[in-house]
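Engineer: Return a 3D structure for these sequence lines:
(2 chains)
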Amino acid sequence: MAWLHTWGGLWFCWLLYAIFLTGTLAVMEEPITHWMTPEHHAEEARQAAVVKTAPLADRPRSLAHAVAYLQREQPPGEMWEIWPGSARHGNDLTVYWMEKGAYIARHLDPLSGKVIADPHDDHDAGRATLGGHHFVDFHYTLHAGTIGLWIVGAATLAMLVTLVSGVITHKRIFRDFFTFRASKGQRSWLDGHTAAGVLSLPFQFMIALTGIFFYGNMYMPAATWAEPAMGGARVEASSASLLAIPDLEPFARRGETLMKQDLRAIVIDKPGQPDMRISTYGWNDDEERQERLVGTTAMVSFSADGKVLETRPAGKMAGGSATYAIATLAALHMAEFGGFTVKWLYFIGGLAGTAMMGTGAILFMVKRRGRAANEFGRATPQVYRLIEALNIAAIAGLAVASIAYLWANRLIATDIAHREDWEVGVFFVVWLMAFSHALIRSPGPAWREQWTFFAFLCLALPLVNLLTVGDMLPMEVVRGDWESAGLELVALVCGAASWWALHRLKRRTTASMRAPSVRDVAPVAGGE
Amino acid sequence: MLAWLLSSLWLALLGFAQLGLSMPRHHRDVFGTASPPSAWLSRLAGFAFLGVALAPCARAFPLSVAIVVWFGMLMVAAFLVVASLSWRPRLLRWMRYPTFPPCKMKTRDR
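Structural biologist: Below you'll find the predicted structure:
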């Protein structure tokens, strides 16, 4: 088992470290996106104020415009979806439909019914950026689409194996439960590794398992092959015998009464077919979103002649208990319930997992620095060197790249084409440079230099914000912009932790080449 | 909301502190004597506190969310107790007080 834990852990720890650090940051996707789009802060505040008071375009007319547009412009397909304006959504009217498996949207003017540009498309205004979604995307696809999903899935499976084998290998799990012996070299690394893992074990196990289930249907597609309806059966529309689409407003009214929620959207399945189905969907208010694990809204579906076919209360799902179970597991993974309490707890759990991966990777090398175990025969020194460089680049390098991504957001000109790709480009180039640096420099200085650079980037982030955008921490606090202030405070804490650890290390280390102590790496909080 | 969350964290801290102090090694770090007054009572109190820590979470959230928050609180509390035992063990001195009077016994000093 120890063998499985060591080698299974080693070959996946760099990838898992990256998945964990970006996943931890992904929990804070919204604050990061908010910080990265400073031009929209005023607009966001204005919209939040306006939406509640805006006179709503008359809904029956909006719905009629939408149906008229869809009937005129779109062949009756599998599904039409209409989002009329509402008190929560503002005055927009949006229609969606499925075309060749793709989901297509058009924005309509609620008064005239004409097609207009997306009123929320703010690519032109301010800086184009992926924002916090960069971390989300990297976390589950490595920016590599389906292939990335499979790689992440394999790594997650390896993590489950490593977690279980780690628990079995750890013979004194209860006796050493509270044990952390600081400043004791290899002993401290082991204690740090086990403490990070054991104390947060329920979280790590949950997050890995739910991560696998999240794309379970893709990893194990047999169920979807056996049940073609799940893949969305094609409806052959015979335009000859189309029924008229009824007036939707009465459906909307009855739906709202039955759902006990405001109307968000109307979905028409198989429009014009004899078994046409009209469903209304509601809005969850903020409190409801916090209080339910699964964030689905209420839904009522009707047949074309107005019979209620199905009602679903908010927080429940159609499709049976298996579907609901998967949705619950996915919701557990995404932390979209419970508000910022849950987000912060997930952030801490994610950091613990990140620290577990990082300390594990370092422990492997710390054990072998004194006496090589010669696992790789004559190539052992070279392989060790490579592992050491990968450790540095994966652990310190990724932290540097993550904070550099935020710097790129402030320093790249706002008007260049494909700006968001440049930001992501900076992330990857900095990471690659960190790897080259780790290969060129000997490990001791490489560790120190990368953490020094990380500390500098973190501590100077508020200054860059001040010089480029003109916003600064005290101002953010005063106007109550806790998303921006929080991000900069976390960056400052990370920078200070890194700087303090380096300072301690300098005091303690003699000239000999040593790894930084547990605490030097534990605050690898990265870029947030 | 915040008051409930802090109470939950406090109960979880008390719980893990009792569990830690039921072990001779940690008891010695905190009180100087290797033997806790009653290890099994400490343990019982510890687990009881950990369990009770769910109650404030359940006041702040519906049970399904509360259980997730409770696990999170246990994790944070466990980290804080370990950090305290490792760097500031004496902080835990008065964490035992709510359950037991301060231990005056001088038996079996190591």
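Engineer: Enumerate every residue touching residue A:71.
Structural biologist: Shown in contact with residue A:71 (C-beta atoms under 8 Å, 6 or more residues apart in numbering or on different chains): residue A:245. Glycine gets a C-beta too; all of them are placed from N, C-alpha and C.
Engineer: which helix in the chain runs the most residues?
Structural biologist: Using chain A. helix A:339-370 (DSSP state H).
Engineer: could you do chain B instead?
Structural biologist: Identified as the longest helix of chain B according to DSSP H is helix B:63-87.
Engineer: Tell me which other helices or strands that helix touches.
Structural biologist: helix A:186-199, helix A:201-214, helix A:339-370, helix B:2-21, helix B:24-31, helix B:54-60 (3 or more C-beta pairs under 8 Å, 6 or more residues apart in numbering or on different chains; DSSP states H and E).
Engineer: What pLDDT is listed against the residue nearest to the spatial centre of chain A?
Structural biologist: Chain A has residue A:136 as the residue nearest its centroid, 3.1 Å off, counting by C-alpha atoms, centre = their mean. The pLDDT attached to residue A:136 in the predicted structure is 96.
Engineer: Just name the shakiest helix or strand of chain B by mean pLDDT.
Structural biologist: Across the helices and strands of chain B, mean confidence by mean pLDDT, DSSP states H and E is lowest for helix B:24-31: a mean of 88.
Engineer: which secondary structure elements does that helix contact?
Structural biologist: The criterion is 3+ C-beta pairs under 8 Å, 6+ apart, and the helices and strands that helix B:24-31 contacts are helix B:2-21, helix B:63-87.
Engineer: Using JSON lines, lay out these together with mean neighbour count.
Structural biologist: Formatted as JSON lines, the helices and strands packed on helix B:24-31 follow (neighbours: other C-beta atoms under 10 Å in any protein chain shown):
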{"stretch": "helix B:2-21", "mean neighbour count": "22"}
{"stretch": "helix B:63-87", "mean neighbour count": "21"}
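Engineer: For the ones you listed, give me a markdown table that also has mean pLDDT.
Structural biologist: Below are these laid out as a markdown table (pLDDT from 0 to 100):
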| stretch | mean pLDDT |
| --- | --- |
| helix B:2-21 | 94 |
| helix B:63-87 | 95 |
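Engineer: Could you show which parts of chain B are in contact with chain A?
Structural biologist: B:1, B:5, B:16, B:19-20, B:23, B:25-26, B:60-62, B:64-65, B:68-69, B:71-76, B:78-79, B:81-83, B:85-87 (C-beta under 8 Å from any C-beta of the partner chain).
Engineer: how about a cut-off of 7 Å?
Structural biologist: With the criterion set to C-beta under 7 Å from any C-beta of the partner chain, chain B comes near chain A through B:5, B:20, B:26, B:61-62, B:64-65, B:68-69, B:71-72, B:75-76, B:78-79, B:81-82, B:85-87.
Engineer: Next up, the contacts around residue B:66.
Structural biologist: Residue B:66 is in contact with B:54, B:57-58, B:60, counting by C-beta atoms under 7 Å, 6 or more residues apart in numbering or on different chains.
Engineer: Check whether residue A:103 really touches residue A:94, as I assumed.
Structural biologist: No. With contact defined as C-beta atoms under 7 Å, residue A:103 does not reach residue A:94; the gap is 11.8 Å.
Engineer: Those two - which one has more neighbours?
Structural biologist: Neighbours were counted for residue A:103 and for residue A:94 using other C-beta atoms under 10 Å in any protein chain shown; residue A:94 has more, 20 against 10.
Engineer: element containing that one, please.
Structural biologist: Element membership of residue A:94 [criterion: DSSP states H and E] is strand A:93-99.
Engineer: Tell me the spacing between the residue of chain B found nearest chain A and residue A:28.
Structural biologist: With C-beta to the nearest C-beta as the measure, residue B:72 is the residue of chain B nearest to chain A, at 3.1 Å. Separation of residue B:72 from residue A:28 (C-beta to C-beta, to the nearest Å): 15 Å.
Engineer: which residues does the residue in the stretch 251-400 of chain A positioned nearest to chain B contact?
Structural biologist: Nearest to chain B, among the residues of the stretch 251-400 of chain A, is residue A:345, at 3.1 Å (C-beta to the nearest C-beta). Residue A:345 makes contact with B:69, B:72, according to C-beta under 7 Å, 6+ apart.
Engineer: Quick check: nearest residue in space to residue B:11, chain neighbours excluded?
Structural biologist: Leaving out its chain neighbours, the residue that sits closest to residue B:11 by C-beta to C-beta, 6 or more residues apart in numbering or on different chains is residue B:53, at 3.9 Å.
Engineer: wait, the one you found sits on residue B:8?
Structural biologist: Yes. With contact defined as C-beta under 7 Å, residue B:53 reaches residue B:8; the gap is 4.8 Å.
Engineer: Identify the contacts common to those two.
Structural biologist: Residues touching both residue B:53 and residue B:8 (C-beta under 7 Å, 6+ apart) are B:70, B:73.
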